[in-house]
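J.: no sequence on hand, only this structure:
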């Protein structure tokens, strides 16, 4: 594979421009408001003595890969394809490599997605652990954060990958959305439940309570990380050879 | 030395559409090269291949003596590109877009900011600097695109249909700018309208159906297409004038189309003296001369047609030449 030299300034130019467009996006703004509302709701739920801290936190964290994944797909699925009308003429005809462009787009979307996730979940999780009762394992909670963040990272990478592959945003979104929601069946078929988003979400309460095997978690981390890195390398290769 | 060279450049899309066929293009250093041809002839495809935005199906592109590839950033840093009807990332104003373009070219801040201000002033957009580009007219968009193409102070300018959609004033501005820039830079400018750019080009390439059917200095082109034909738009009763021209000057070919007389002078005639004699007759006939213009452009169309015919007739000759001696006997 031919990976040209990487320059920082063009990368930063696309990154900052994309982050600005994300901040201006009504979808992102509404999403952040909904996350804030959901967070307040979860804090209220945590005050209910009938639910344990692990159940509350698992429910809260699990919403990101389960429900907010659709928003993540939409936010990331237009990263490249939404610019298909201008990317060749106004951007890639200049002194920027395609690798820098795709990397900047991916970084921007990861900052938005993981930024929104961490900005909401870190303080809210702290409040919930302070209020709710029941068994809680701090290491297990950290693992839960890592797994959910990795799932969101993979989802963002896949969405950007398909966005670079297809010129139509809607096609990219539908393909990733479909792939994400059938991932459980596919992983079961290949006897790889450790990569099934639904299986991981189901196990979050016991993980937060401290019941887990580190080697199994590491296998999941390596699996998701490998898929994310692999999808991005494939995207860079494909986008680097595509007629724009 | 040639700034641009293509060798057997061919582009076939989806294995079913031949956009470019065996193009051998040479753009000399310092030339203002006009790439001319009808819409869909392959001009924009050529430009996309020259910029590394598309990959050739066959053949090679070299720019500044180096092969052009999608990753050839150092080559693109020396090129200023103006696309047809430029589009810009949404939500930008001229300042943010030029700053963005400058950063894409890795131009340091202390050079970038003064440069963009100077360019905005030069293209007359200083007063619109804070206005969103989304509401710009075609002329303003083209001028911003021109400024963007000059942001990196390129050695080579590639402008694709720069006069497209412009009003006469905008066209004149763009043509004058090409003339001025052509004194310092190599320029490749494409157009479907030869009349727009022939006045500023030193070299010309004519593309038709994905093939380069002529390439060379514009003087050579003008010799080949020397028309010695003019059109006079007149007001008044033309019949006496036409009769007199037929009687007194049977060597001229005179055709009347409404209020316009198309007059073709004989080969090797001195057009200035011939034209003087015709204008004297016009005055004596009591008709008013409204406009006068050369039929050179029409002749260029005829030239293209003739060249295409020549190519198709030359097809069998091409194969006969390719056969070993005696094989056709």
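T.: Good, I have the coordinates. None of these values were measured; they are calculated from a predicted model.

J.: what are the buried residues along the one helix or strand residue A:119 maps to?
T.: Assigned by DSSP states H and E, residue A:119 belongs to helix A:98-131. For helix A:98-131, the neighbour count (16 or more other Cβ atoms under 10 Å in any protein chain shown) marks A:98-110, A:112-113, A:116-117, A:120-121, A:124-125, A:128-129, A:131 as buried. Backbone N, C-alpha and C define where each C-beta goes, glycine included.

J.: what about it, near chain B?
T.: Yes: Helix A:98-131 is in contact with chain B by Cβ under 8 Å from any Cβ of the partner chain, via A:98-99.

J.: can you give me phi and psi for residue B:40?
T.: phi 80, psi 10 (degrees, to the nearest 10).

J.: what do you get for residue A:85?
T.: As for residue A:85, its main-chain torsions (degrees, to the nearest 10) stand at phi -80, psi -20.

J.: correct me, but it touches residue B:86?
T.: No: between residue A:85 and residue B:86 there is no contact under Cβ atoms under 8 Å: 10.8 Å.

J.: pick out whichever of the two has more residues nearby.
T.: Using other Cβ atoms under 10 Å in any protein chain shown, the more surrounded residue of residue A:85 and residue B:86 is residue B:86, with 24 against 14.

J.: what's the distance between the more buried one and chain A?
T.: Taking Cβ to the nearest Cβ, to the nearest Å as the measure, residue B:86 falls 6 Å from chain A.

J.: up against chain B, what does chain A have?
T.: By Cβ under 8 Å from any Cβ, the residues of chain A that approach chain B are A:2, A:4-5, A:7, A:9-10, A:12-14, A:17, A:20-21, A:24, A:83, A:85-86, A:88-99, A:240-241, A:243-244.

J.: can you tell me the closest non-neighbouring residue to residue B:97?
T.: Closest residue in space to residue B:97, ignoring its immediate chain neighbours: residue B:88 at 5.3 Å, by Cβ to Cβ, 6 or more residues apart in numbering or on different chains.

J.: whoops, residue B:189 was the one
T.: Excluding its sequence neighbours, the residue lying closest to residue B:189 (Cβ to Cβ, 6+ apart) is residue B:159, at 4.6 Å.

J.: quick one: secondary structure of that neighbour?
T.: On the three-state scheme (DSSP: H, G, I helix; E, B strand; the rest coil), residue B:159 is labelled strand.

J.: pull the number of nearby residues for it.
T.: Residues lying near residue B:159 (other Cβ under 10 Å) number 27.

J.: same thing with the one 3 residues further on?
T.: By the other Cβ under 10 Å criterion, the neighbourhood of residue B:162 contains 27 residues.

J.: report the contact partners of the nearest residue to it once chain neighbours are set aside.
T.: With Cβ to Cβ, 6+ apart as the criterion, residue B:162 has its nearest non-adjacent residue at 5.0 Å, and that residue is residue B:174. Going by Cβ atoms under 8 Å, 6 or more residues apart in numbering or on different chains, residue B:174 touches B:142, B:146, B:162-163, B:166.

J.: can you name the residue of the stretch 101-250 of chain B nearest to chain A?
T.: Per Cβ to the nearest Cβ, residue B:103 is where the stretch 101-250 of chain B lies closest to chain A, at 3.5 Å.

J.: now do the contacts for the nearest residue to that residue once chain neighbours are set aside.
T.: Closest residue to residue B:103 apart from its sequence neighbours, by Cβ to Cβ, 6+ apart: residue A:13 at 3.5 Å. By Cβ under 8 Å, 6+ apart, residue A:13 lies in contact with A:96, A:104, B:100, B:103-104.

J.: by contact count, what packs against the top strand by length along chain B?
T.: The residue-count maximum for a strand in chain B (DSSP state E) belongs to strand B:2-13. Packing contacts for strand B:2-13, counted by 3 or more Cβ pairs under 8 Å, 6 or more residues apart in numbering or on different chains; DSSP states H and E, involve strand B:17-23, strand B:26-28, helix B:43-50, strand B:58-63, strand B:186-191.

J.: chain center to that strand, what's the gap?
T.: Relative to its parent chain, strand B:2-13 has a centroid offset of 18 Å by Cα atoms, centre = their mean, to the nearest Å.

J.: same check, this time on stretch A:48-56
T.: The chain centroid and the centroid of stretch A:48-56 are separated by 26 Å under Cα atoms, centre = their mean.

J.: how about stretch B:64-75?
T.: Relative to its parent chain, stretch B:64-75 has a centroid offset of 24 Å by Cα atoms, centre = their mean.

J.: pLDDT (mean, whole number) over it?
T.: Averaging pLDDT along stretch B:64-75 gives 90.

J.: show me what counts as buried in it.
T.: For stretch B:64-75, burial by neighbour count (16+ other Cβ under 10 Å) applies to B:64, B:68, B:70-73, B:75.

J.: just these that are near chain A?
T.: B:70-71, B:73.

J.: the residue nearest to residue B:201 when sequence neighbours are not counted and chain A, how far apart?
T.: Closest residue in space to residue B:201, ignoring its immediate chain neighbours: residue B:34 at 3.7 Å, by Cβ to Cβ, 6+ apart. The spacing between residue B:34 and chain A, counted by Cβ to the nearest Cβ, is 20 Å.

J.: what is the burial count for residue B:34?
T.: By the criterion of other Cβ under 10 Å, residue B:34 has 25 neighbours.

J.: and for residue B:45?
T.: Look at residue B:45: counted by other Cβ under 10 Å, it has 23 neighbours.

J.: one more: residue B:88?
T.: Residues within reach of residue B:88, counting by other Cβ under 10 Å, total 25.

J.: host element of the residue of the stretch 101-250 of chain B closest to chain A?
T.: Per DSSP H and E: residue B:103 is located in helix B:94-104.

J.: show residues contacting that helix.
T.: Against helix B:94-104 from outside (Cβ under 8 Å, 6+ apart): A:9-10, A:12-14, A:17, A:90-91, A:94-96, B:88-89, B:92, B:111-113, B:115-116, B:119-120, B:125, B:128-131, B:133, B:144, B:147-148, B:151-152.

J.: if we go to 7 Å?
T.: Residues outside helix B:94-104 that contact it (Cβ atoms under 7 Å, 6 or more residues apart in numbering or on different chains): A:9-10, A:12-13, A:17, A:91, A:94-96, B:88, B:92, B:112, B:115-116, B:119-120, B:125, B:128-130, B:133, B:144, B:147-148, B:151.

J.: could you list the residues of chain B in contact with chain A?
T.: Within chain B, the positions lying close to chain A (Cβ under 7 Å from any Cβ of the partner chain) are B:51, B:53-55, B:70-71, B:73, B:76-77, B:81, B:83, B:86-89, B:91, B:100-101, B:103-106, B:152.

J.: which of those residues count as buried?
T.: Buried residues within these, defined by neighbour count using 16+ other Cβ under 10 Å: B:51, B:53-55, B:70-71, B:73, B:76-77, B:81, B:83, B:86-89, B:100-101, B:103-106, B:152.

J.: quick check: mean pLDDT of the strand or helix carrying the residue nearest to residue B:162?
T.: For residue B:174, the element it lies in under DSSP H and E is helix B:168-181. For helix B:168-181, the mean per-residue pLDDT is 87.

J.: same question, stretch A:80-100
T.: Across stretch A:80-100, the average pLDDT comes to 86.

J.: buried residues in it?
T.: For stretch A:80-100, by 16+ other Cβ under 10 Å, it's A:80-84, A:86-100.
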